[in-house]
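K.L.:
following is a predicted model, sequence given first.
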Amino acid sequence: MLKENLQGLDSFAANVKEALGNAIEQEPASLSLEIPREESHGEFAVACFQMAQAEGTDPPTVAKRLAKEIEIPGVTAEAVGPFLNFKVDSEILAQTVLEGALTSKYGKGEEHAATVLEFSSPNIAKPMHVGHLRSTVIGAALARILMRLGHRVTRINHLGDWGSQFGKLVAAWNNWGNEKSFLESPINHLLELYVRFHEEETDNPDLKDQAKEAFSELETEEDGETRQLWQRFTEASLQEFEQIYNRLGVSFEHIRGESWYENQLESLVEWLDSCGVLEESEGAQIIDLTEQGIDTPCLVKTAHGTTLYATRDLAAARSRWKEFSFDHSLYVVGSEQNLHFRQFKAALSRCGEAWAEKIEHIPFGLIRMAGGKLSTREGKVLLLSEVLDRACELAAETIAEKNPDLPDRESVAEKIGLGAVIFHDLKHQRQKDVVFDWKEVLSFEGDTGPYLQYTHARCCSILRKANSPSISSAEVDSSLLSDSKELMVALGRYPGALREAGRKREPSALAQSLLRIASAGNAFYRDKRVLGCGDENLEYARLAAVTALRNVLADGLHLLGVPAPEEM
RNA sequence: GUCCCCGUAGCUCAGCCGGAUAGAGCAUCGGUUUCCUAAACCGAAGGCCGCACGUUCGAAUCGUGCCGGGGACGCCA
């Protein structure tokens, strides 16, 4: 990355590395600085044990020598025992942070890359439940983060609108479907049918055959009755999904279900065959992957001749490669599909497709209920809309209690409720399983979305009352902010957190950074009176700090998909 | 049985490209409102970082094994 693009503390880190690299004759890029735990130890540090070993002296000697030798503008090097600590000058730091955070460019990157991002991907004919929240919210945040870092992102919603489940649904409809119930509440009725199918199929083997027959029809007949049914189901589901996406502020460049690749399936299978990787096993068409270290083969066609999940994902991957020539193709899909992604990447590799390496599965942990597993088949679902509704209702109650005169109460309640749910999901590392706990999801205190929203609203309130025109960092006397280093350090680490979130595909890195910023912000305006502090220049400088704080919180919340009301 | 993920304070988690006395939030106890929103702030208490061995000057962090939890393992997606 070009040095000019570094912002906040990153720019100081680059200078430190360069000076240190010169002093010890090493490539600056190969050096890594650590962030000291203790605030008094400065903003960056290096341990001198290895250098001492190389030189045959002891670490404190090396640290002392380097502390004397190294000169960095705006940074003091200090030896503390075997450590070399670097302290950034408060005034210069404040100036740098304000220059960045008062512009809209703060945290922008230059990682020009074409990135395809598949996420959300709910199944047609089933309501969205809490499990879909993770893929949706993680994917949407990741898309915005990567865009900020310079990626050209293509968001794809890979709807589960194909497969044998639709055979089951059609069979169920033909047996028990009710037009009136469908019109009243399409997805609920379809879910009832789906559940009933699974209840009855064990005692009624004929049902299974009907389902297989129906899916087969769907895949072969162009405009049969079965296809018309499928189309109705799809449209009805999509309408319901749109409501949730609107609420969550999620959008896609393409909503393409698995069916979108339907007419590419045949040529895909032919292509696989021409690559010489297809073989028959127990009547099915498979790709053997034992040489790739995977015991289970990739199933491409069933013994009945119908396609499978992997077939459609292979077709989709190839189609996307042709269409987007991506540098990265990311899939935000639950970790239970780890094997599937290993298989289908390995299958592409076997065909000699080097771009298979650009495919990256971004797994996340399951949501489980405290009382047991969620299961669509058994009808045990926790609807996403229900979770959102309850959060928003509670937010409305909280407003009624804490700020009853707030204008536009309903809309603010919606923002807070959604913010609580979304942030709760994004603050945890995505790989970890989550036990769904109402008490936690509906909490508005502590490390929560509403806490960040509240801090943001407080800033807005101060700025509103200041009634001052836009602040220019060039006119700020930053020496007056020397006493606000904690806040400036927290804000200064924001660009780095953003890059880490992108690199690790981990929105929680950004979420955690925002929590530290909010905490520093609350301490700031607790100790430092802004309006009417008695000094015009001081007030201006503090208003600049509050503006920077408000901007960064607003920006970070926006990237995560958490609304940021100006009052609450 | 094989493979993958997780195991840090009573609870939920951060820290994990190894480094200086292991950090938050919730819950508990105590304090702060004539002062820019108390959805906040301050303080107290709370930890063989699952266990063992290994690598290293140094391990919560890396490796191996074990234990515990979750998941996956050909015609579902």
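P.N.:
Structure's in. What do you need?

K.L.:
quick one: least confident helix or strand in chain A?
P.N.:
strand A:367-369 (a mean of 84; mean pLDDT, DSSP states H and E).

K.L.:
same for that one, what does it pack against?
P.N.:
Applying 3 or more Cβ pairs under 8 Å, 6 or more residues apart in numbering; DSSP states H and E, one finds that strand A:367-369 makes contact with helix A:130-148, strand A:434-436. Glycine gets a C-beta too; all of them are placed from N, C-alpha and C.

K.L.:
hey, which of those is tucked in deepest?
P.N.:
Of all the helices and strands packed on strand A:367-369, helix A:130-148 has the most neighbours on average by mean count of other Cβ atoms under 10 Å, namely a mean of 24.

K.L.:
adjacent strands (with direction) for the very next helix or strand once past that one?
P.N.:
Where DSSP states H and E defines the elements, the next helix or strand beyond helix A:130-148 is strand A:151-157. Sheet pairing of strand A:151-157 (DSSP bridges) gives strand A:113-118 (parallel), strand A:254-255 (parallel).

K.L.:
name the residues of the first one that come out as buried.
P.N.:
Using 16 or more other Cβ atoms under 10 Å as the test for burial, strand A:113-118 gives A:115-118.

K.L.:
do the same with stretch A:41-55
P.N.:
For stretch A:41-55, burial by neighbour count (16+ other Cβ under 10 Å) applies to A:41-46, A:48, A:51-52.

K.L.:
restrict those residues to those near RNA strand B?
P.N.:
A:41-42, A:45 (Cβ under 7 Å from any atom of the strand).

K.L.:
what about residue A:24, how many neighbours?
P.N.:
Applying other Cβ atoms under 10 Å, we find 17 residues neighbouring residue A:24.

K.L.:
quick one, what contacts it?
P.N.:
Listed by Cβ atoms under 8 Å, 6 or more residues apart in numbering, the contact set of residue A:24 reads A:51, A:66.

K.L.:
any regions of chain A where pLDDT drops low?
P.N.:
For chain A, the stretches with pLDDT under 70 are A:1-4, A:370-380.

K.L.:
pick out whichever of the buried residues of strand A:113-118 sits closest to RNA strand B.
P.N.:
residue A:118 (12.6 Å; Cβ to the nearest atom of the strand).

K.L.:
wait, the closest one sits on residue A:332?
P.N.:
Yes: with contacts counted by Cβ atoms under 8 Å, residue A:118 reaches residue A:332, the gap being 6.7 Å.

K.L.:
so which of the helices and strands packed on strand A:367-369 is nearest RNA strand B?
P.N.:
RNA strand B lies closest, by Cβ to the nearest atom of the strand, to one member of these: strand A:434-436, at 5.5 Å.

K.L.:
helices or strands up against the closest one?
P.N.:
Identification of packing neighbours for strand A:434-436 by 3+ Cβ pairs under 8 Å, 6+ apart yields strand A:367-369.

K.L.:
can you lay out the helices and strands packed on strand A:367-369 as a markdown table showing distance to residue A:200?
P.N.:
Formatted as a markdown table, these follow (distance: least, Cβ to Cβ, whole Å):
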| stretch | distance to residue A:200 |
| --- | --- |
| helix A:130-148 | 25 |
| strand A:434-436 | 30 |
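
K.L.:
tell me where the stretch 351-500 of chain A has helices.
P.N.:
Assigned by DSSP state H, counting those that start in this stretch, the helices in the stretch 351-500 of chain A fall at A:384-402, A:409-426, A:438-441, A:449-466, A:485-492, A:494-503.

K.L.:
briefly note if the last one comes near RNA strand B.
P.N.:
When you say that, I think you mean helix A:494-503. No: using Cβ under 7 Å from any atom of the strand, helix A:494-503 stays clear of RNA strand B, with a minimum separation of 7.9 Å.

K.L.:
now the helix or strand just after that helix against helix A:130-148, angle please.
P.N.:
Later in the chain than helix A:494-503, the nearest helix or strand by DSSP H and E is helix A:507-527. Orientation of helix A:507-527 against helix A:130-148 (axes from the mean of the first three to the mean of the last three Cα atoms, to 10 degrees) gives an angle of 80 degrees.

K.L.:
how about helix A:507-527: buried residues?
P.N.:
Neighbour-count burial for helix A:507-527 flags A:507-522, A:524-525 (criterion: 16+ other Cβ under 10 Å).

K.L.:
for residue A:338, grab the count of nearby residues.
P.N.:
Residue A:338: 12 surrounding residues under other Cβ under 10 Å.

K.L.:
please name the nearest non-neighbouring residue to it.
P.N.:
Leaving aside its chain neighbours, residue A:338 sits nearest to residue A:363 (6.0 Å; criterion: Cβ to Cβ, 6 or more residues apart in numbering).

K.L.:
so that neighbour touches residue A:333, yeah?
P.N.:
Yes: assessed by Cβ under 8 Å, residue A:363 is found in contact with residue A:333 at 6.8 Å.

K.L.:
with neighbour numbers in mind, choose between these two.
P.N.:
A side-by-side neighbour count of residue A:363 and residue A:333, using other Cβ under 10 Å, places residue A:333 first with 23 against 16.

K.L.:
if we can go back for a sec, how about the strands paired with strand A:151-157 in a markdown table, adding distance to residue A:262?
P.N.:
Formatted as a markdown table, those follow (distance: least, Cβ to Cβ, whole Å):
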| stretch | distance to residue A:262 |
| --- | --- |
| strand A:113-118 | 17 |
| strand A:254-255 | 15 |
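
K.L.:
can you tell me the closest non-neighbouring residue to residue A:215?
P.N.:
Among residues not flanking residue A:215 along the chain, residue A:167 sits closest, at 3.0 Å (Cβ to Cβ, 6+ apart).

K.L.:
which SS state does residue A:529 fall under?
P.N.:
Secondary structure, DSSP: H, G, I helix; E, B strand; the rest coil: residue A:529 is coil.

K.L.:
geometric centre of chain A: which residue is closest?
P.N.:
With distances taken as Cα atoms, centre = their mean, the residue of chain A nearest its centroid is residue A:138 (3.0 Å).

K.L.:
and residue A:356, what does it touch?
P.N.:
Residue A:356 sits next to A:317, A:345-346, A:348-349 when contact means Cβ under 8 Å, 6+ apart.

K.L.:
ok, and the most crowded of those residues?
P.N.:
residue A:317 (26 neighbours).

K.L.:
adding distance to RNA strand B, write the helices and strands packed on strand A:367-369 out as a markdown table.
P.N.:
Converted to a markdown table, those look like this (distance: least, Cβ to the nearest atom of the strand, whole Å):
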| stretch | distance to RNA strand B |
| --- | --- |
| helix A:130-148 | 12 |
| strand A:434-436 | 5 |
